[in-house]
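Asks: quick one: sequence plus predicted model below, questions after.
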Amino acid sequence: MAVFESQEIYQFAMRIEENGERFYRGAARVLGDRETKDLFNHLADEEVKHKKLFESMLSKLENLQLYERYSGEYLEYLRAYVDDKIVFNKGDVDRELGEVKDARSAIEFAMRREMEAILYFLEMKNLVSKGQQNSIEKIVEEERRHFTILSHAQKSLATPPL
């Protein structure tokens, strides 16, 4: 069994949250719609809270013993998940911010990234100690809530006001 350097998964999670905040703040700056602007600023604030939670969890970290078929298997998987443009990453955020022309495009990008963050954190939950899984589950629930909020915002854009 290899010792899993679980602090890296928290560093990846913090990177996801930082890039999520960056996207939401950047999109809020370019959007003209006050309601969507406020929504994105709120979601950016939520990402900051999530990052702080991961920082706290990182400070209490313990090493885990996980079975790996080869040394570094889990880290390689998680690194690919974050760095290969699957979850909020700097390259995608910069590119997408350049393409945000309206609330619809910003919301659609954010929805995809929130769903991908959910999948990442669900994987991450399996790689941390039992004592930390509840905290990860809370983040998953928050990300699901973000997705739902964005979905409602998307639907309200599709429905013209009466």
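Replies: Nice, thanks for sending it over. Computed from a predicted structure; not experimentally measured.

Asks: going forward, measure contacts between C-alpha atoms and count neighbours the same way
Replies: OK.

Asks: show me what contacts residue 38?
Replies: residue 28 (Cα atoms under 8 Å, 6 or more residues apart in numbering).

Asks: try it again with 10 Å
Replies: 24-25, 28, 31, 44 (Cα atoms under 10 Å, 6 or more residues apart in numbering).

Asks: turn those residues into JSON lines, including neighbour count and distance to residue 101.
Replies: Below are those laid out as JSON lines (neighbours: other Cα atoms under 10 Å; distance: Cα to Cα, whole Å):
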{"residue": "24", "neighbour count": "25", "distance to residue 101": "14"}
{"residue": "25", "neighbour count": "20", "distance to residue 101": "15"}
{"residue": "28", "neighbour count": "24", "distance to residue 101": "11"}
{"residue": "31", "neighbour count": "18", "distance to residue 101": "7"}
{"residue": "44", "neighbour count": "23", "distance to residue 101": "19"}
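
Asks: report pLDDT for the residue nearest the centre of the chain.
Replies: Centroid-nearest residue in the chain: residue 117, 4.1 Å away (criterion: Cα atoms, centre = their mean). According to the prediction, residue 117 has pLDDT 86.

Asks: on that earlier part again, show me the two of the contacts of residue 38 that sit farthest apart.
Replies: Put simply, by Cα to Cα the two of the contacts of residue 38 set farthest apart are 31 and 44, 14.4 Å from each other.

Asks: helix, strand, or coil at residue 140?
Replies: Of the three states, residue 140 takes helix according to DSSP: H, G, I helix; E, B strand; the rest coil.

Asks: and it, how far from residue 119?
Replies: 8 Å (Cα to Cα, to the nearest Å).

Asks: any idea which element residue 51 lies in?
Replies: helix 34-59 (DSSP states H and E).

Asks: sorry, wrong one. I was asking about residue 96.
Replies: Residue 96 belongs to helix 90-99, assigned by DSSP H and E.

Asks: and the stretch of helix or strand residue 12 belongs to with helix 34-59, angle?
Replies: Here residue 12 sits within helix 7-30, counting by DSSP H and E. Interaxial angle of helix 7-30 relative to helix 34-59 (axes from the mean of the first three to the mean of the last three Cα atoms, to 10 degrees): 160 degrees.

Asks: any low-confidence regions in the protein?
Replies: When residues are selected by pLDDT under 70, those of the chain lie in 1-9, 61-67, 74-75, 77-93, 159-162.
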